[in-house]
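1. Let's see this in three dimensions:
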Amino acid sequence: KVRQLATTVAAPSSTTAMPVGNLPGWHQVLAENFDTPLALGSWPGPYASHWTSYDGFADSSGIGEYEPKQVLSVHNGMLDMYLHTADGTPLGAAPVPLVTGKWGGQTYGRFSIRFKADSLPGYGGAWLLWSDANDWNDGEIDFPEGALNGTFDAFDHQVGNPSHNALAYDTGARWTTWYTTTIDWTPSGVSYYLDGRLVAASTVSPSKPLHLVMQTATT
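-> Predicted structure coming up:
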């Protein structure tokens, strides 16, 4: 069996429930419902044993910075990202679940995230599986990805030639509605599910360890 990661960033009103325990063919290693409130400025607090975040450096666009203590809080069963500008710098966050309790990912897995966002111009989400070796050639799997004031897509970047997409799919779904996205990554390929419905699939499958990063920052 391969390993499963389930993460929630949304309230229980989402139409698709968090998986509880093992699913057929999968062994659950982390499920986070964010039950313990955490004030802004306190991240990661009680979540430090299995969550971290990018911190104190420029985001991918080069416009903003990752500043989790000024952005992340927990309330009402939600991990909240307070995306805003402070002292002229747009601030974002990139939470990273520590699946094994330490930095690093795994080879293959199932990753589910429940979420909703405000329609915020200038910001976007790129929630992706990224190389433990920080080598883009190892592959990149994104779902969801897109501007927060638009729709979100699914991507599978070509291993060894990552500037080309093995798969690019626009779901047509907007961030402003509760959704659950799921990535199934196996040796034979990558499948993308939206609220439990298969919407895209690729036969290109990275074979080196990747970890989940929920990059949410300027576009």
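
2. from here on, contacts and neighbour counts on C-alpha atoms
-> OK.

3. Output the below-cut-off pLDDT ranges for the protein.
-> By pLDDT under 70, the low-scoring segments of the chain are 1-18.

4. Let me see the ranges of the helices in it.
-> Ranges of helices in the chain, per DSSP state H: none exist.

5. Test my guess that residue 212 contacts residue 96.
-> Yes. Here residue 212 reaches residue 96: they are 6.1 Å apart, a contact under Cα atoms under 8 Å.

6. Just want to know which of these two has more residues nearby.
-> A count of neighbours by other Cα atoms under 10 Å puts residue 212 above the other of residue 212 and residue 96, at 24 against 20.

7. Bridged to that one, which residues?
-> Listed by DSSP bridges, the beta-bridge partners for residue 212 are residue 129.

8. Give me the distance between stretch 51-69 and the centre of its chain.
-> Computed by Cα atoms, centre = their mean, to the nearest Å, the separation of stretch 51-69 from the middle of its chain amounts to 14 Å.

9. List of residues touching that stretch?
-> In this structure, residues lying in contact with stretch 51-69 by Cα atoms under 8 Å, 6 or more residues apart in numbering are 40-44, 89-98, 217-219.

10. Span of it from start to end?
-> End-to-end span of stretch 51-69 (Cα to Cα, to the nearest Å): 13 Å.

11. OK, contacts around the residue nearest to residue 92 when sequence neighbours are not counted?
-> Once flanking residues are discounted, residue 92 sits nearest to residue 217: 4.4 Å by Cα to Cα, 6 or more residues apart in numbering. The contact partners of residue 217, by Cα under 8 Å, 6+ apart, come to 59-60, 64-66, 83, 90-94, 123-125.

12. how about a markdown table for those residues, with distance to residue 115 added?
-> Shown next, in a markdown table, are these (distance: Cα to Cα, whole Å):
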| residue | distance to residue 115 |
| --- | --- |
| 59 | 21 |
| 60 | 21 |
| 64 | 22 |
| 65 | 22 |
| 66 | 20 |
| 83 | 15 |
| 90 | 21 |
| 91 | 19 |
| 92 | 16 |
| 93 | 15 |
| 94 | 14 |
| 123 | 15 |
| 124 | 13 |
| 125 | 11 |
